[in-house]
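> After the sequence you'll find the predicted model.
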Amino acid sequence: MIRSMLCLLISAACSGWLANAPASDEVVRLSQDDGQWVMAAKNYANTRFSGLDQINAGNVKQLRVAWVFSTGVLNGHEAAPLVVKDTMYLVTPWPNLLYALDLNQAGAIKWVYKPNPSRAAQGVACCDVVNRGAAYAEGKIFFNTLDNHTVAVDAATGKEAWKTKLGEIAMGETMTMAPIVVKNKVLVGNSGGEMGVRGWITALDTRNGRILWQAYSTGPDKDVLIGPDFKPPYVTGENLGATTWPSETAWQIGGGTVWGWISYDPEADLIYYGTSNAGPWNAVQRPGDNKWTSSVFARDPDTGMARWAYQWNPHDLYDYDGINENVLLDLNIGGQDRKVLVHADRNGYMYVMDRLTGEIISAEPFVYTNTVKRVDLKTGIPDLATGKEPQLGKFVKDICPAPPGGKDWQPMAYSPRTGFLYVPHNNLCFDMRTMEVGYIAGTPYVGAEVAMKAGPGGNRGFFTAWDPVQNKKVWAIDEPFPAWSGALATAGDVVFYGTMDRWFKAVDAKTGRELWKFRTGSGVIGQPITYRGPDGKQYVAVLAGVGGWSGAVVSGELDPKVPYGALGFVGAMQDLPKVTGEGGTLYVFALPEEQP
Amino acid sequence: MGSIKRLVLLSSAAAAASSALFPVFGQEWGARPLHRPSAAQLLEVPISGNPIVPRRGLPIENPYANDAGAIVQGRKLFDSLNCSGCHAPLGGGGMGPPLSDRDWIYGGEPAAIYLSIAQGRPNGMPAWSRALPPQSIWQLVTYIRTLGGAPAPDAGSTEKPAHPGSGRGRGSQR
């Protein structure tokens, strides 16, 4: 029952952009080849769907470990491995080692590249020292280091091709996101929404690392790269990135960092990405909408100029970053073929939007929320519930969702075979007390005391199948901890994800029935991938190694008795150290040689 | 402490280190003794747990040890200087290590904590020596010592697996 089709934007049939776009051309071709996995999200549409079907719902229970690899790093492993031809590439958390592993020899080390990032960078990373992966194009591997360098490494030799510095740890900046490559440009963004960092996205020349354009998320239109082509669907006005703030100082330290996912529609020739929470968390210090924090941008990848933008959470009250992935799909909705962007926001709503105009087609809650009552489809404005507004100096109790949202960075997958999205996400609420905070460069700029807890039902996570056409839930699996790994969907109608309590699971794409699970060494917060090995077999690979914001109580060895630790996440994770320790390990699975 | 909270420093951390930007401390404590340890005293503070010639007694005593007023002032500084942003309210830890447990990377004695604040530490702890007068650092030390993280006793302990399998001492990475 295929009610919707995977967008064909990864098809070479898309015309009009091939001639001057050799890198995209190559990336499109490689991302269509299910033997490989050349960017963290598998393809520009961010579907994380593979056409491989050797491993299927019938035989997945026989899945075995083919080989394993220790990264030698203990912090949270959120990255997706890459596979290019017969080599796998892994980027670790700080110190951001890049391993090349030989798939012809069960993962023998070909080389390891060490970028030697600053040790002090660890101290300004808000939520563990993670890295979310690399990207391949033009014979090079591109990735970011925690101390704000984008690096290009020769995929064959491991030699550094170039290294460009983009930010300052002394200003609280770090970089953790996985780049994508579009038309000879590496697209990257910064982290640090808890440190008074001003967010940006930057395009670098794949050949030499030169900066081609940089677009800030806040400030006057010239900084945000807003010009005559900018047509946001719900607002008008110039310099909104400055005028919706109390002062010039405020937007210069106001967040809107770009630490999540970038998707690309080659046909429309637009990139899509979200921006982080506004800073500080104490919203009293920044009256106004605080554009363009907690927003989504569509931009021209050649010039960086914005085409449209939409703010998920104007005047963000709860650290609701807008950076979650935007999955690009072509769906038939209400009898009409629509080019849509689907986004599960931290505020707990699943948005289906027209990706050419930014207009919301529908927005429905996918998790319990008492902060946003509904999203007004005419104005685009989220209708906030009363009674849960933060108060200076006083704890407001049981606000849902918590700052990591109904869903955080952990990326969902989409199967064109079932028409469902597969969404790993959270079920968390929290208590919050705000207070005035002073800006001191290189230190946190938060102004809130937070203690998180489980949401209704007591399970802190879900793995949910979601129908984006009806925009409603199909089935959901309760998880005791936040489901903090990525999801992987395959043509074998098997969906994979990992859990913080040390399981890597395969479930039936249609029903959600658990088909197989494997006990990993440490909790799983990485992004699973699949590929065809040089021997023609299908493999599934995932990094284990708990940590990240949710797992900081383990990876940072925090005090589980104090709920305010890790910006309040410890409150909801006090029992995590009882079920997992640290340790980065890659697991690669395959079916046994002889099938009974 | 109100004025420090309103300080907005767009300059780099280096510029923030100028004590001229923190005039409040000079005004409030200018009439009192500075309690600045001498260079010779600071050099005597062991970071290593293995002194070749052990010394008897502490090289530097906290002038505010058990001073209730210093605890109150230290707590205000802990919040206003954003210490609580990294180490969390009550010192549970986050971007920085916890201060409420018994595990001290660079020593939990008052003089060792003084030095960690003054000098900073390699994994991200800023150096505050040029931003704060010694009294303020001692007040912070006095408050931090109340968070429950006294140095570990010699005896081992068995917890129902709190950090199973993690045999490393903290400090290898954070």
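It's in. Residues are numbered from 1 along each chain as shown, chains lettered A, B, ... in the order given.
> Now do the contacts for the residue of chain B found nearest chain A.
Of all residues in chain B, residue B:124 sits closest to chain A, at 1.0 Å by Cβ to the nearest Cβ. All C-beta atoms are positioned from the backbone trio N, CA, C, and that covers glycine. The neighbours of residue B:124, taking Cβ atoms under 8 Å, 6 or more residues apart in numbering or on different chains as the test, are A:119-124, B:86, B:95-96.
> what about it, distance to residue B:92?
17 Å (Cβ to Cβ, to the nearest Å).
> residue contacts, the nearest residue to residue A:74 once chain neighbours are set aside?
In space, and not counting its chain neighbours, residue A:74 is closest to residue A:582: 4.1 Å by Cβ to Cβ, 6 or more residues apart in numbering or on different chains. By Cβ under 8 Å, 6+ apart, the residues touching residue A:582 are A:74-75, A:522, A:545-547, A:554-555, B:166.
> How about residue A:359?
Counting by Cβ under 8 Å, 6+ apart, residue A:359 makes contact with A:233, A:353.
> could you redo the last one with a cut-off of 6 Å?
By Cβ atoms under 6 Å, 6 or more residues apart in numbering or on different chains, residue A:359 lies in contact with residue A:233.
> in the sheet, who's paired with residue A:273?
For residue A:273, the beta-bridge partners under DSSP bridges are residue A:262, residue A:297.
> does it really touch residue A:262, like I thought?
Yes - Residue A:273 lies in contact with residue A:262 (Cβ atoms under 6 Å); the separation is 4.4 Å.
> More neighbours: which of those two?
residue A:262 (30 against 26; other Cβ atoms under 10 Å in any protein chain shown).
> And for residue 36, the neighbour number?
Because you didn't say which chain, this covers chain A. Residue A:36, neighbours per other Cβ under 10 Å, totals 21.
> looking at chain B here, not the other one
Neighbour tally, residue B:36, other Cβ under 10 Å: 15.
> any idea how far residue B:141 is from it?
14 Å.
> And for residue A:398?
Relative to residue B:141, and taking Cβ to Cβ, residue A:398 is found at 37 Å.
> higher neighbour count, those two?
residue B:141 (24 against 13).
> quick one: average pLDDT of the helix or strand hosting the more buried one?
Assigned by DSSP states H and E, residue B:141 belongs to helix B:134-144. For helix B:134-144, mean pLDDT is 97.
> By proximity to chain B, which residue of chain A wins?
Taking Cβ to the nearest Cβ, chain A has residue A:123 as its residue nearest chain B, at 1.0 Å.
> Touching, residue A:485 and residue A:499? I think so.
No - Residue A:485 lies out of contact with residue A:499 (Cβ under 6 Å); the separation is 7.1 Å.
> Show me which of these two is the more surrounded one.
residue A:485 (30 against 27).
> Confirm that the more buried one sits in a helix.
No - the assignment for residue A:485 (DSSP: H, G, I helix; E, B strand; the rest coil) gives coil, which keeps it out of a helix.
> Which strand residues bridge the nearest residue to it once chain neighbours are set aside?
Nearest residue to residue A:485, sequence neighbours excluded (Cβ to Cβ, 6+ apart): residue A:498, at 3.8 Å. Taking DSSP bridges, one obtains residue A:504 as the residues bridged to residue A:498.
> Contacts only, for residue A:498.
A:485, A:504, A:524, A:542.
> One more: residue A:205?
residue A:212.
> Try it again at 7 Å.
Residues in contact with residue A:205 (Cβ atoms under 7 Å, 6 or more residues apart in numbering or on different chains) are A:184-185, A:212.
> Which parts of chain B are strands?
B:8-9 (DSSP state E).
> Can you list the low-confidence ranges for it?
B:1-32, B:150-174 (pLDDT under 70).
> Mind doing that once more with 80?
For chain B, applying pLDDT under 80 flags the ranges B:1-33, B:49, B:55-59, B:149-174.
> Of all residues in chain A, which one is nearest the centre?
Centroid-nearest residue in chain A, with Cα atoms, centre = their mean: residue A:409, separated by 3.7 Å.
> shared neighbours of residue A:485 and residue A:499, anything?
Residues touching both residue A:485 and residue A:499 by Cβ under 7 Å, 6+ apart: residue A:524.
> my guess is residue A:435 meets residue A:394, correct?
No - using Cβ atoms under 7 Å, residue A:435 is not in contact with residue A:394, being 9.9 Å away.
> Would you mind extracting the C-alpha trace of the longest helix anywhere in chain B into CSV?
Identified as the longest helix of chain B according to DSSP state H is helix B:68-80. The C-alpha trace of helix B:68-80 is given here as CSV (Å, rounded to 0.1, in the frame of the first residue of the first chain):
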residue,chain,number,x,y,z
ALA,B,68,28.5,32.0,57.0
GLY,B,69,28.8,35.4,55.3
ALA,B,70,31.3,34.1,52.9
ILE,B,71,29.1,31.1,52.1
VAL,B,72,26.3,33.5,51.2
GLN,B,73,28.6,35.7,49.1
GLY,B,74,30.1,32.7,47.4
ARG,B,75,26.8,31.3,46.4
LYS,B,76,25.8,34.7,44.9
LEU,B,77,29.1,34.7,42.9
PHE,B,78,28.5,31.0,41.9
ASP,B,79,25.3,32.1,40.2
SER,B,80,26.2,35.6,38.9
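> Can you flag which of the contacts of residue B:124 belong to helices?
Per DSSP H, the subset of those in helices is residue B:86.
> ChimeraX command for the buried members of the contacts of residue A:498?
Buried residues within these, by 16 or more other Cβ atoms under 10 Å in any protein chain shown, are selected in ChimeraX with:
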select /A:485,504,524,542
